[in-house]
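*Asks:* Okay, structure incoming, though there's no sequence with it:
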């Protein structure tokens, strides 16, 4: 079981539980943040759809995350264990979206 925390556009953090086998020793690592970088290559619609498909946010949340990344240059889109965030970062990289991982 894993826990992914999503930062919503109103500043509230919601959590999504999902089934994912995590070694007990690995789950003790600190929380990290997944950061979406401003992207001038992919369309806003593609990035929004990818956010919805990969980290399971609502369309309005995904749009707000993209707009924030465009305005500021980056936006924190999720928090979680390093292993879980690495898994999601890999999925974004597979579709060509630039993300980073930073300590919480």
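*Replies:* Now that the structure is in, tell me what you want to look at. What you are looking at is a predicted structure, and each value in this text was computed from that prediction instead of being measured.
*Asks:* Which strand residues bridge residue 34?
*Replies:* Note on residue 34: beta-bridge partners by DSSP bridges are residue 78, residue 101.
*Asks:* can you pull the contacts of it?
*Replies:* Contacts for residue 34 were tallied using Cβ atoms under 8 Å, 6 or more residues apart in numbering; they are 55, 76-80, 85, 88-89, 99-101. Just so you know, the C-beta spots here come from the backbone N, C-alpha and C atoms, and that holds for glycine as well.
*Asks:* Select only the buried ones of those residues in PyMOL?
*Replies:* Buried residues among the contacts of residue 34 (16 or more other Cβ atoms under 10 Å), as a PyMOL selection:
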select buried, resi 55+76+77+78+79+80+85+88+89+99
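*Asks:* Kindly present the contacts of residue 34 as TSV, with separate columns for distance to residue 64.
*Replies:* Formatted as TSV, those follow (distance: Cβ to Cβ, whole Å):
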residue	distance to residue 64
55	13
76	12
77	10
78	14
79	16
80	19
85	20
88	18
89	20
99	16
100	19
101	21
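*Asks:* Need phi/psi at residue 97.
*Replies:* Reported as degrees, to the nearest 10, the phi and psi values for residue 97 are phi -100, psi 130.
*Asks:* ok, now residue 43?
*Replies:* phi -80, psi 150.
*Asks:* Next: residue 39.
*Replies:* Per-residue torsions, residue 39: phi -130, psi 110 (degrees, to the nearest 10).
*Asks:* For it, report the pLDDT, please.
*Replies:* Looking at residue 39, its pLDDT is 91.
*Asks:* got it, and residue 104?
*Replies:* We note a pLDDT of 81 for residue 104 in this prediction.
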